[in-house]
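Peer 1: Model the following, please.
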Amino acid sequence: MSIPSVIWRMCQVRRAERLSPDAIKRLRQRRLRRLLEHALAQSRFYVEYYRAHGITADQLDDVELQDLPVINKQIVMENFDALVCDPALTRAGIEQFINECHDLEAKYRGRYHVMHTSGSTGSIGIFVYGERDWHMMQALAATRVVKYRPTLGRIRYAFIVKTDGHHAGIKLCLAAPRIAFQRLPLSVNGALDEVLREVQRFQPHLLGGYGSGLQLLAQEQLAGRIHIRPKRIISSAEPLTDAMKQSITQAFGVVPLDFYTASDSLVIGVSCQYDRGIHLFDDWFCFETADGAGRPVRRGDSVPPGEGSGRLILTNLYNYTQPLIRYEMNDELIPAEGRCPWGSPFPLVRGVAGRVEEILWFNRRDGGRDYVHPIALTGLCAPGAEKWQFVQTAPNALLLRLKIPGGAQTVVQQARDEIVGILRHKHLDECVTVRTEVVDEIPNDPQTGKFRMVIPYHSRANAARINGPARPPN
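Peer 2: Model (predicted):
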């Protein structure tokens, strides 16, 4: 890590916080222009994709953001090798690195930070950040989320995330430099008793991780099984619900921050310290919203107030390695009226309506209970599978449904082995049965119209959702 590079960018980040919204808009437009010039010079995909839509590099003076075609995760993955701006980056090579490299601080080819996610749609996504991009992300996180200030000793930072893969949560936490932070990764998939012993021993100053994981620690604190006194708490990777926020605040006496981040684009925003919503960092991102059909709710580059929620179309202005320009995400932004009355130049949204998957609880042989966090499941890495879903069919039974072109037996076995490994970490592998099923399609929830990746046993509509045209793997 280049400390001087990050410090210089932190100063750059702080300067923008003193700008007016109009000045930030001008800054954003300059950064967008530079990104477009770069993409049309270095990315074969953008050259061809924009040309097919009548846009070439010599026309950028007359092109507005909304004139550019929208992309999504499927387009990014299908065109991965052509989209990235370094021919040394290939989807096959990165997938091999993800599967074989267990050092989560290792860089692909010595200089690229990579991560994967299945997201809420059940399809894999791979995202890459170069060193320059990564330093910018670190500066944003340190300045606007952690609010880092130099201290005499290192800050004890504990974070409860998925720790056994190249996922955004663990990568983001490990980005905290060792020179300033003493770090304790807590596996959200670890045995609960072991997690409690570790966090009690460590006594963190800073506590971070998934909101549901933080809520579990809060419940254990309220029950008297741990006694820790963090000074700052940061929830990320999933929506921070009112119930989570209330129990965390009650347990630790600290109001948790809601850190808006995603593998697609790290450090998107953070909750207002005056509880007015989430501030979006629109100096380094362009934000648009679209309706269910993908049509922009309003032409422009900001979240429209008072017009209902809309699906986010995001442009990341600092990732020059894998440019994501007008990238459609599954998140829906719930707009807020007006701006922060306490002077922040960044726009507010009331919240992010992402998909909240539920924790699965199982019974242990000793009469106790332990959980499997949904992110441990949705982070499944099963190359060859297009889509997957987990259905708890009984208190101690789990069904993994897979959509696999050709129904490859090796993919089924790899996926099953990974799930059994997750259960083994929890000491649940001998008491929970796992069944796999290859299907032609996994439909959306008929009530909500949305895809549910994790369906717990207490959802009594299970039977209607798990019946489908199953077929044996070839």
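
Peer 1: any chance you could map the helices in the chain?
Peer 2: 3-16, 21-42, 44-52, 73-78, 80-83, 91-100, 131-140, 168-174, 192-202, 211-222, 242-252, 374-378, 409-425, 462-466 (DSSP state H).

Peer 1: Can you add distance to Arg111, mean pLDDT and mean neighbour count and give these back as JSON lines?
Peer 2: (Glycine included, C-beta is placed from N, CA and C.) As requested, these are arranged in JSON lines below (distance: least, C-beta to C-beta, whole Å; pLDDT from 0 to 100; neighbours: other C-beta atoms under 10 Å):
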{"stretch": "helix 3-16", "distance to Arg111": "13", "mean pLDDT": "88", "mean neighbour count": "15"}
{"stretch": "helix 21-42", "distance to Arg111": "16", "mean pLDDT": "96", "mean neighbour count": "16"}
{"stretch": "helix 44-52", "distance to Arg111": "21", "mean pLDDT": "97", "mean neighbour count": "17"}
{"stretch": "helix 73-78", "distance to Arg111": "21", "mean pLDDT": "93", "mean neighbour count": "16"}
{"stretch": "helix 80-83", "distance to Arg111": "18", "mean pLDDT": "98", "mean neighbour count": "18"}
{"stretch": "helix 91-100", "distance to Arg111": "12", "mean pLDDT": "92", "mean neighbour count": "15"}
{"stretch": "helix 131-140", "distance to Arg111": "6", "mean pLDDT": "94", "mean neighbour count": "22"}
{"stretch": "helix 168-174", "distance to Arg111": "15", "mean pLDDT": "86", "mean neighbour count": "23"}
{"stretch": "helix 192-202", "distance to Arg111": "32", "mean pLDDT": "94", "mean neighbour count": "16"}
{"stretch": "helix 211-222", "distance to Arg111": "31", "mean pLDDT": "92", "mean neighbour count": "22"}
{"stretch": "helix 242-252", "distance to Arg111": "37", "mean pLDDT": "92", "mean neighbour count": "17"}
{"stretch": "helix 374-378", "distance to Arg111": "28", "mean pLDDT": "70", "mean neighbour count": "24"}
{"stretch": "helix 409-425", "distance to Arg111": "28", "mean pLDDT": "83", "mean neighbour count": "17"}
{"stretch": "helix 462-466", "distance to Arg111": "44", "mean pLDDT": "41", "mean neighbour count": "15"}
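
Peer 1: Can you give the domain ranges for this structure?
Peer 2: The chain breaks down into these domains under automatic domain parsing: 1-355, 360-471.

Peer 1: circling back: please produce JSON lines containing the helices of the chain, extended by distance to Asn330.
Peer 2: Below are the helices of the chain laid out as JSON lines (distance: least, C-beta to C-beta, whole Å):
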{"stretch": "helix 3-16", "distance to Asn330": "27"}
{"stretch": "helix 21-42", "distance to Asn330": "23"}
{"stretch": "helix 44-52", "distance to Asn330": "21"}
{"stretch": "helix 73-78", "distance to Asn330": "9"}
{"stretch": "helix 80-83", "distance to Asn330": "19"}
{"stretch": "helix 91-100", "distance to Asn330": "21"}
{"stretch": "helix 131-140", "distance to Asn330": "21"}
{"stretch": "helix 168-174", "distance to Asn330": "15"}
{"stretch": "helix 192-202", "distance to Asn330": "29"}
{"stretch": "helix 211-222", "distance to Asn330": "17"}
{"stretch": "helix 242-252", "distance to Asn330": "20"}
{"stretch": "helix 374-378", "distance to Asn330": "12"}
{"stretch": "helix 409-425", "distance to Asn330": "22"}
{"stretch": "helix 462-466", "distance to Asn330": "19"}
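
Peer 1: Tell me which residues touch Asp331, please.
Peer 2: Ala262, Arg311, Leu312, Val352, Ala353, Gly354 (C-beta atoms under 8 Å, 6 or more residues apart in numbering).

Peer 1: tell me the pLDDT at the fourth one?
Peer 2: Yep, that's Val352 we're talking about. Here the pLDDT value assigned to Val352 is 79.

Peer 1: Give me the neighbour count for the residue nearest to Asp370 when sequence neighbours are not counted.
Peer 2: Sequence neighbours aside, Lys426 is the residue nearest to Asp370 in space, at 5.0 Å (criterion: C-beta to C-beta, 6 or more residues apart in numbering). With neighbours defined by other C-beta atoms under 10 Å, the count for Lys426 comes to 22.

Peer 1: Spit out the contact partners of Lys426.
Peer 2: Contacts of Lys426 by C-beta under 8 Å, 6+ apart are Asn189, Gly190, Ala191, Phe362, Asp370, Tyr371, Val372.

Peer 1: From Asn396, how far out is it?
Peer 2: Noted for Lys426: a distance of 12 Å to Asn396, by C-beta to C-beta, to the nearest Å.

Peer 1: With Lys162 instead?
Peer 2: Taken as C-beta to C-beta, the span from Lys162 to Asn396 is 22 Å.

Peer 1: which one of those two has more residues nearby?
Peer 2: Ranked by neighbour count (other C-beta under 10 Å), Lys162 and Asn396 place Lys162 first, with 24 against 16.

Peer 1: For the closest residue to Val47 other than its chain neighbours, give its distance to Cys85.
Peer 2: In this structure, Val47 finds its nearest non-sequential neighbour in Leu40, 5.8 Å apart by C-beta to C-beta, 6+ apart. Between Leu40 and Cys85 the distance is 11 Å, computed by C-beta to C-beta.

Peer 1: Which parts of the stretch 151-300 of the chain are strands?
Peer 2: 155-161, 181-187, 206-210, 232-236, 257-260, 269-271, 278-280, 285-290 (DSSP state E, counting those that start in this stretch).

Peer 1: Give me whichever of those strands is most buried.
Peer 2: Mean neighbour count (mean count of other C-beta atoms under 10 Å) peaks for strand 206-210 among the strands of the stretch 151-300 of the chain, with a mean of 26.
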